[in-house]
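1. model this:
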Amino acid sequence: MEKQIVLALTIVLCHFALSSAIDGTATYYTPPYTPSSCYGYQDMGTMIAAASDIIWDNRAACGRNYRVTCTGPTNAGVPHPCTGASVVVKIVDYCPAGCRGTIDLSQEAFSAIADLNAGKIEIGYIQ
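-> Got it, this is the predicted structure:
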């Protein structure tokens, strides 16, 4: 009985987390990942991202972590790009005006949640 309650609670919490996610789009960029606007030449790993003006908040986004989940394609070229996984990334850089996505993920982060051939995907993200 306890296992059933825990499972039911887990399902409800996961649904709540997904339903409170903000919709956006993601693109990706390739190495080298330094220098970055937030950390200069400090290597912050590969689970990183650049923030567009939507979340940049005058550099306040530096160091924030976001859980990003692919929710679908933005074009018909790759009709089912999502892997079903989500990834947590740290904002380390700025994606300047004209950025094609809400969040510009590292190539490694993007490939964890979607097919690289998609180039741009629909996402849900939460801080």
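
2. Helices of the chain, start to end?
-> Listed in chain order, the helices found in the chain under DSSP state H are 2-19, 53-56, 107-113.

3. And the residue lying closest to Thr34 once chain neighbours are set aside, its phi and psi?
-> Spatially, and ignoring its direct neighbours in sequence, Thr34 is nearest to Tyr41 (4.9 Å; C-beta to C-beta, 6 or more residues apart in numbering). Every residue, glycine included, has its C-beta placed from N, CA and C. With angles defined as degrees, to the nearest 10, Tyr41 shows backbone torsions of phi -90, psi 10.

4. Now the weakest link among the helices of the chain, please, by mean pLDDT.
-> Taking each of the helices of the chain in turn, the lowest mean pLDDT turns up on helix 2-19, with a mean of 44.

5. Show residues contacting stretch 100-119.
-> Residues lying outside stretch 100-119 but in contact with it, judged by C-beta atoms under 8 Å, 6 or more residues apart in numbering, are 24-31, 33, 46-52, 54-55, 66, 68-70, 73-75, 77-78, 81-83, 85-87, 89, 93, 95, 120-121, 123, 125.

6. How far away from the center of its chain is it?
-> Averaging C-alpha positions (C-alpha atoms, centre = their mean, to the nearest Å) puts stretch 100-119 8 Å from its chain's average.

7. That one: end-to-end distance?
-> Taking C-alpha to C-alpha, to the nearest Å as the measure, stretch 100-119 stretches 10 Å from start to finish.

8. For that stretch, buried residues please.
-> Of the residues in stretch 100-119, those scored as buried under the neighbour-count criterion (16 or more other C-beta atoms under 10 Å) are 101-106, 108-110, 112-115, 118-119.

9. if we take those, which one ends up nearest to Ser37?
-> Using C-beta to C-beta, Asp104 is the member of the buried residues of stretch 100-119 that sits closest to Ser37, with 11.7 Å.

10. Which residues does the closest one form beta bridges with?
-> With DSSP bridges as the criterion, Asp104 is bridged to Thr27, Ala50.

11. For Ala49, see how far away it is.
-> For Asp104, the distance to Ala49 equals 6 Å [C-beta to C-beta, to the nearest Å].
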